[in-house]
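In: fold the stuff below for me.
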Amino acid sequence: MAFITVGDTVVSYAEALDVRDKDQRLFEGNEIDFTNVPDNPGSLNNYIEDLAIKSTNRINQKIRASARWREYLGYTGTGFDINSIPEFDPSNIVGRKADFTDMCCYYVLKEYLLPKIADFGNPESPEVQKIQYYDDKFNELFTELMNMFDWFDEDGDSVVEDGEKMVRFSLTRRTRGRRSTTRVR
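Out: Purely as a prediction, here's the structure:
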């Protein structure tokens, strides 16, 4: 359960073994025919790791496009160009790496592997239900990570200091307004 890196660059949050461990029955039952994949990979593990790399890139772009990332960097208002927002650097993730691995596995399963065998004409099929399950798990974990933001080392010194954390606290007490009180640190 380690990030795959090339030099100092993180290329994937998950290895093939991580994805296979999430849903072993999918691979043990040979439910997916991997011999007909477009760029016939050398092995099933290579194919899964290629999908994990694609998923990592997609997750990074999803983080970059989020309002929470812009808020973290100090971008406010609507007068900015989306292309001027800096890229998300996954090598600065120092905490909760296991959560990023899980999130990548969920993404691979819901977007790439399970749709190969799902019967979308039958919403009660087990594969369609698994896709929904993994989609819910992915969105839940993504939202949690974006709300906590206690895992990113902005200055790259391998330690997340208090000034780099951006944790939101919601008070459960009733206030005069209808919105909950939020405090940003």
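
In: how many neighbours does Ile85 have?
Out: 14 (other CB atoms under 10 Å). Every residue, glycine included, has its C-beta placed from N, CA and C.

In: let me know whether it touches Arg64 as I believe.
Out: Yes - between Ile85 and Arg64 a contact is recorded at 6.2 Å, counting by CB atoms under 8 Å.

In: roughly how far does Ala65 sit from Phe138?
Out: Ala65 sits 15 Å away from Phe138, going by CB to CB, to the nearest Å.

In: who has more neighbours out of those two?
Out: Remark: of Ala65 and Phe138, Phe138 carries more neighbours, 23 against 12, as counted by other CB under 10 Å.

In: please report the distance of that one from Phe152.
Out: 19 Å.

In: may I see the buried residues of the host helix or strand of Asp136?
Out: Element membership for Asp136, per DSSP states H and E: helix 126-148. By neighbour count on 16 or more other CB atoms under 10 Å, the buried set for helix 126-148 is 127-128, 130-131, 133-135, 137-138, 141-142, 145-146, 148.

In: lowest pLDDT pick from those residues?
Out: The pLDDT minimum for the buried residues of helix 126-148 sits at Met148, where the score is 79.

In: and for stretch 100-119, what are the contacting residues?
Out: Stretch 100-119 is contacted by residues 1, 3, 12-14, 18-19, 21-23, 26, 31-32, 48, 51-52, 54-56, 58-59, 90, 93, 125, 127-128, 130-131, 134-135, 137-138, 141-142, 145, 151 when judged by CB atoms under 8 Å, 6 or more residues apart in numbering.

In: in the chain, which spans are strands?
Out: Assigned by DSSP state E, the strands in the chain fall at 4-6, 9-12, 168-170, 182-184.

In: any idea which of those strands scores lowest on pLDDT?
Out: Across the strands of the chain, strand 168-170 gives the lowest mean pLDDT, at a mean of 43.

In: quick one, what contacts Met146?
Out: 63, 66, 68-69 are the contacts of Met146 under CB under 8 Å, 6+ apart.

In: state the distance spanning the first to the last residue of stretch 92-111.
Out: 26 Å (CA to CA, to the nearest Å).

In: which parts of it are buried?
Out: Neighbour-count burial for stretch 92-111, counted by 16+ other CB under 10 Å, picks out 92-97, 99-111.

In: what is the least confident helix or strand in this structure?
Out: strand 168-170 (a mean of 43; mean pLDDT, DSSP states H and E).

In: apart from its chain neighbours, what residue comes closest to Lys130?
Out: Spatially, and ignoring its direct neighbours in sequence, Lys130 is nearest to Leu114 (5.5 Å; CB to CB, 6 or more residues apart in numbering).

In: ok, the one you found to Ile85 distance?
Out: 32 Å.
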